[in-house]
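Colleague: next input, structure requested:
(2 chains)
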Amino acid sequence: MPRYDAIVIGGRCAGASTGMLLARQGYRVLVVDRSSFPSDVISTHFLWPHGTSYLNRWGLLDQVLAVTPAHTEVTFVNDGIPLTGSVPDELLRAYFRDWHGDDSGVVRSYASIRRHVLDQLLVEAASKAGAEVRTNFTVRELITEGDQVVGVRGRDCDGQLVEERARIVIGADGRNSFVARSLGLPKFDERPRCTFAYWSYYSGFDLGPAQLHRRGRLACAVAPTNHDQNMVLVWGPSEWSREFRRDVPGNLQRALDFVSPELGEVVRTQGVRAERIYGTLDQSAFLRPLAGPGWVLVGDAESAKDQCTAIGMTHAFRGAELVAAALGQWLSGDVSLHEAMASYEGRRRSQNAAAYYDYVCTLAEMRPYRHDELQLFVALRGNQQEIDRFVATHADVAPVSEFFQASNLLLLNDAAKETSAGYPVFEDFPATARMYQQNLFA
Amino acid sequence: MSLPELDQRDDDELIETILAAAARRDLEAMAVAAAEVSEMTRNWATHIPWDEFGSLDESTLDEVVADLTQMWEPADLQVDADEEYALDKNAYDFYRPAGRNLMTRTEEFYGWVEARRRTETWQYSRTLEAAPNSVAQITNDIGRRTRGINFNSQDYLSFNTHPAIREAAAKAMRNYGPHSAGSPMVLGNTRISDELEASLGELVRAEQVTLFPTGWAAGFGAMAGLVRQEDHVLIDRLAHSCLQQGARATTRNVVRYEHLNVEAVRRHLVDIRRRDSRNGILVVTDGLFSVDADWPDLVTLQRVCREHDATLLVDVAHDLGSMGPGGTGVLGMQDVLGDIDIVMGAFSKTFCSNGGFVASASPALKQYLKMFGGSHMFSNALSPVQTAVVLEASKIIRSTEGDLLRSRLHTAVTALREELIGYGLTCMGEPSPIVPLLIGNEKLARIANRLLFDRGVLAFMVEFPVTPTGSSRFRLQVQANHEPDEARAAAKIIADAIADARTYLSSAFGSTER
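Modeller: Numbering: from 1, shown residues only, chains lettered A, B, ... in the order given. You can find the predicted model right below:
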C-alpha cells in the first residue's frame, strides 16, 4: 500500500482545493507546490458568483470577504451600449444542482482576489483539512511502473531528493503542466487565436462594481480588489501585441482612452499605480486528455482558455469538486477508477462544455462586434431578465444554448423596448468597422 | 511577502533581453535578467527553468528559446480562410444586417453561404433525383450527386411510394384537375375536402376541423386568429417556428417556458392571472418535438390550463399518424383524445402532402379561425390531389395496415437507436420516427455532414436556428420502409463519419449533453 491515496502536484486553485476536498473525505493526501506561499501568479484572479459560491460551500468565503471587496452587479459596455446585470439566484441554484447534485452555499456576489491572498488561504485550508502540504517542492520526475504512474520524485525545500508514492497522481499544475509535459500528452481543440493582456494595480479611485468595456478589437476592465486597489486590465488580439509592446505604459493608457475615454480619464488623473505592468499572450486554448493509468488532470492543466471571460479560477474550483467527488467514489471502493474517470470526463467534455469553450475562443479572437451583435445588445436593454441570463451565460452559469436559441434571440428582437438611435457606432457602421481593423498601436 | 517594486522592469523588456542574450549565447546575461522577471510570470511559466539559465546546456538552451518565443510571440497562423469563415459563423450573426438598403445588406450573409457552399458544409437545398424511399438519390446544392440510405425525407409511413396513395392522387387529378382555383372560403374546396375534415375529426376526436394550405399556415393562422395584443402566450421554448412567429406577431406578452416544464407553466399562469384577469392566455406546445423527440405531459398541462382559464394548443405534426394507438399520436398515447382544447397538425410528415389543420370541439372557434386566421381565407385551398392523398392516408392510418406500418417503423427506429447508442453516441428523446443524434458543436457537425455525404447515408444536419447554438445534431427521420439491417448499417457509417470529423478537427469533446 503506498503511503498516500493521492498526490496533488500544484497547490493553487485546482490543486489545493482538490487536496482539501479529498482530505476532508478522510483520504491521505500530499499536496506539493514549487512555490512558497503567499505567492503570486499570472491571473485575472476573478471569481464569478459560482466561484465565490464554491468558497462558501467549503467554508472559506468569510475569510476572503474580510479582505476583498465583492459585488453582485457587473456592467458591460460594448461600443457604448451599457448593460448592467447580475447572475440570478435561480440560475446559480440550477447550476449547482446540475453539476454537483445540491445547491447549498449559493451566493450571488463575485470578487476579484489577488492570488497572493487566495492561494495562501487555499493551501492553509488544505493543510487544516488534513492534507500534508509541502511547499518549495519541485517535482523532477513521475515514477512509473510500466505505463502506470505510481508516484513522484522531487526536490524538497531542503534540496533533498525524495520519492513519494500514491494510488493516484493529480496534475493540478496549470497550463504549462509538468505532469502533462512529462507524460507527453497531446493537445486537442487548439485555438491559437487569443488575446494579449496587460494589467496593473491602481489606488486613488473607487468606481464600485466591476466594469467591462469593449470597443472594436480592444477591451478593458476595472475591478476593485484587495489592498484598496483596482485591477486595470486591457486586452486585444494577440496579433497586435508586438506593436503594443513597443511602449507598454503609453499603449495601456492609449487603449483605455480608446475603449472607454471616461475610464481612461479616471486612471490618468486619479490613478496611482502600485506595481509594474504585467502582461501575457500565453493564452491560446486547448484541451488535454483528462486521465490515464494512475494520473488525472484538473484545472488549467486539462483545459486552458483565454482570460477574456475570467473563468479560469471558477472552472478550477468546479473541476476540484468534480474530480474529488469522482476520486472519492473510487477510493471508497464504490466504482472502478475507469468508471469514476468516465463520469468526470462526461461532464468536462460534454456538449455544453464544448459550447462554452467555443464561446470563449470566439470572443478571444477579438473581432469587432458585428452589427448583429450590437443590435442584440441594444435589444437587451430594458429586459433585465434576459440581461441577467446573458451575464449568467457569459460566466458559464447558464448553458450557452439557452440564451443563443432562436426563439429567445428573435423574441428579444421583437419585444425590444429601445432603439439603436443615439449610439454613434451605428451612424456609419461600415466606416467604423473598417477603422476598427486598424492596429491602434501601429 | 514583499510586493514587487514599481520601478522594476516589465517582463516584456526582460524576456526580450533574455532572448537577445540567448542569441549571443550569453548565459550570464540571461540569468541576470531572469532574476528580475516577476514572480507572476515565473509561477505561470513553470516549464521554464528560470533559476538555471546560468548553466544551460546547448539543447536545453534551444528548448528555453523555443518555449519563451512561443509564449511571447503571437501564433503564426496558416488557415484556410474559407473554411474558417464557413465553420466559424452562425446564421444569427446575420440576422440584423447593417445599412438602409434592404437589397444590398443581404450580401454579407450571401458571402457566408457561399463560403459554406465552397467548403461543402452547407446542408440546405439538396434536391431529389427520384422518389424518396428508404434509399434515395440526391444532388447537393453545388451539383454533386450521391445515393444512400435515406433519413433525409419526412415520410414516416412511406406513403410516397404506396400504390393506394398514388391511385388516390391520380383519381383526384382525373376528377378535379390539379388546381383548387380558390380560397376555401370561396370555392376552393371539393366534396373530398369535407370528407377529409370529417376523417381528421374522427382521428383526433375533435370534429370541428379547418384545413390550411401548409402546416406552417395552420400554426401561424391559429395564433393570428385567436390572440390579440393584450392577450398572453405561454410557449414551450422549443415549439415549432410557426408557433413562435405566431406568438411574436400577435402580442408582446410572450413567455417562453422551459422545455416540457408543466410546473413552470403553472407558475407563469398564476403570475399572469394575478396581474390580469381580463385577457386570454394561450399555452402552446408541440406534441412530439421535431428536433428533440420528446413530448410534454398533456394530461397535467391541459388541467393546469383549465384551472387558470388558459387555452391549450398542441401541435401534433410529427406524431399524428406515425405513433400511438390507431395512429392517434401522443394524444392517444396519453389518453387525452377529445380533451385538448385545440389540436393543430401538418400533413407533411406522415400524410404524404403539404397542408395542415386546426381541430377543436367548437364550431364557433372554427368559423372564427376561418375568418380571422388569415392564412386560411387568403390562401388558395389545398389542391384536390393533395386533399385526396391526405384523405387516403388518413384512412390507411386508421386501418390495420396502419398498425402494421407503424410497427415496422418502430422496429427500424429501435434498431437505429440501439446501434447508434452502441457506438457511444447520444440519441436524444424517446423512440419515435425522429431520431435526433446529438453532435453539439457546429464545426464538428458541419464537417461530419460533409464527410457523410459521400458515404451512403443521407441525413439532415440541423443547427441554429432549428436548434440552439452548440447543440446541433443529425435529425434522422425514419420510414416504415427502412429495414432494421439498413438502419444498423447506416448507424455504423454515421458513427464513423462523426469519429473522422472529430479526428479532422482534433477534438476531444464527447457526445454527452450536459
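
Colleague: in chain B, which helix or strand is least confident?
Modeller: helix B:81-88 (a mean of 90; mean pLDDT, DSSP states H and E).

Colleague: same thing with chain A?
Modeller: For chain A, judged by mean pLDDT, DSSP H and E, that is helix A:406-414, with a mean of 90.

Colleague: what's it packed up against?
Modeller: Applying 3 or more Cβ pairs under 8 Å, 6 or more residues apart in numbering or on different chains; DSSP states H and E, one finds that helix A:406-414 contacts helix A:371-380, helix B:241-250, strand B:254-257. Just so you know, the C-beta spots here come from the backbone N, C-alpha and C atoms, and that holds for glycine as well.

Colleague: what pLDDT does the most centrally placed residue in chain A get?
Modeller: Residue closest to the average C-alpha location in chain A (Cα atoms, centre = their mean): A:G312, at 1.8 Å. We have a pLDDT of 97 for A:G312.

Colleague: can you give me the end-to-end span of stretch B:292-303?
Modeller: End-to-end span of stretch B:292-303 (Cα to Cα, to the nearest Å): 24 Å.

Colleague: kindly report the same for stretch A:360-369.
Modeller: OK, stretch A:360-369 end separation, Cα to Cα: 14 Å.

Colleague: that stretch - what's its average pLDDT?
Modeller: Stretch A:360-369 comes out at a mean pLDDT of 96.

Colleague: one more: stretch B:287-306?
Modeller: On average, stretch B:287-306 scores 98.

Colleague: how about that stretch, does it reach chain A?
Modeller: No - Stretch B:287-306 stays clear of chain A (Cβ under 8 Å from any Cβ of the partner chain), getting no nearer than 11.1 Å.

Colleague: so for that stretch, what gets flagged as buried?
Modeller: Within stretch B:287-306, the residues that count as buried by 16 or more other Cβ atoms under 10 Å in any protein chain shown are B:287-296, B:298, B:301-302, B:304-305.

Colleague: ditto for stretch B:161-170
Modeller: B:H162, B:I165, B:R166, B:A168, B:A169.

Colleague: can you pull the domain assignment for chain B?
Modeller: Using automatic domain parsing, the domain ranges for chain B come out as B:11-72, B:81-115, B:120-153+B:401-504, B:164-398.

Colleague: which residues does the least confident helix or strand of chain B contact?
Modeller: A:T362, B:W112, B:A115, B:R116, B:R118, B:T119, B:T121, B:W122, B:E442, B:K443, B:R446, B:I447 (Cβ atoms under 8 Å, 6 or more residues apart in numbering or on different chains).

Colleague: top helix in the chain by residue count?
Modeller: If you meant another chain, say so; for now it's chain A. helix A:312-331 (DSSP state H).

Colleague: right idea, wrong chain: chain B
Modeller: helix B:400-422.

Colleague: helix or strand right after it?
Modeller: Reading on from helix B:400-422 to the C-terminus, the next helix or strand found by DSSP states H and E is strand B:434-440.

Colleague: show me which residues of the stretch 301-442 of chain A are close to chain B?
Modeller: A:345-347, A:349-359, A:362, A:370-373, A:375-376, A:399-402, A:404-411, A:413-415, A:426, A:429-430, A:433.

Colleague: quick one: buried ones out of those residues?
Modeller: So, of those, A:345-347, A:349-359, A:362, A:370-373, A:375-376, A:399-402, A:404-411, A:415, A:426, A:429, A:433 end up buried under the neighbour-count rule (16+ other Cβ under 10 Å).

Colleague: how about the closest residue to B:V435 other than its chain neighbours, what does it touch?
Modeller: The shortest distance from B:V435 to any non-neighbouring residue, by Cβ to Cβ, 6 or more residues apart in numbering or on different chains, is to B:L476 (4.2 Å). By Cβ under 8 Å, 6+ apart, the contact list for B:L476 reads B:F151, B:L416, B:I434, B:V435, B:P436, B:L437, B:A459, B:A490, B:I494.

Colleague: and the residues you listed as a markdown table, adding distance to A:V267?
Modeller: Listed next are those as a markdown table, based on distance: Cβ to Cβ, whole Å:
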| residue | distance to A:V267 |
| --- | --- |
| B:F151 | 59 |
| B:L416 | 61 |
| B:I434 | 56 |
| B:V435 | 57 |
| B:P436 | 51 |
| B:L437 | 52 |
| B:A459 | 55 |
| B:A490 | 61 |
| B:I494 | 55 |
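
Colleague: picking up where we left off before, and the contacts of helix B:81-88, which two are the farthest apart?
Modeller: Farthest pair in these (Cβ to Cβ) is A:T362 and B:R118. Separation: 21.4 Å.

Colleague: domains for chain A, by residue range?
Modeller: Split by automatic domain parsing, chain A gives A:4-69+A:111-188+A:285-355, A:195-280.

Colleague: give me phi/psi at A:G236?
Modeller: Torsion angles at A:G236 (phi, psi; degrees, to the nearest 10) stand at phi -160, psi -180.

Colleague: count the neighbours of B:G219 for me.
Modeller: For B:G219, the neighbour count with other Cβ atoms under 10 Å in any protein chain shown is 30.

Colleague: which SSE is it in?
Modeller: helix B:215-226.

Colleague: now do that helix: everything it contacts.
Modeller: Residues contacting helix B:215-226 (Cβ under 8 Å, 6+ apart): B:210, B:212, B:233, B:240-243, B:245-247, B:249-250, B:280, B:282, B:284, B:311, B:313, B:315, B:317, B:342, B:344-348, B:354-358, B:365, B:368-369, B:371-376, B:379.

Colleague: please apply the same query to stretch A:210-223.
Modeller: A:46, A:71, A:74-80, A:110, A:112, A:195, A:207, A:224, A:230-237, A:240, A:255-256, A:258-260, A:263, A:267, A:308, A:366-369, A:435-437, A:440.
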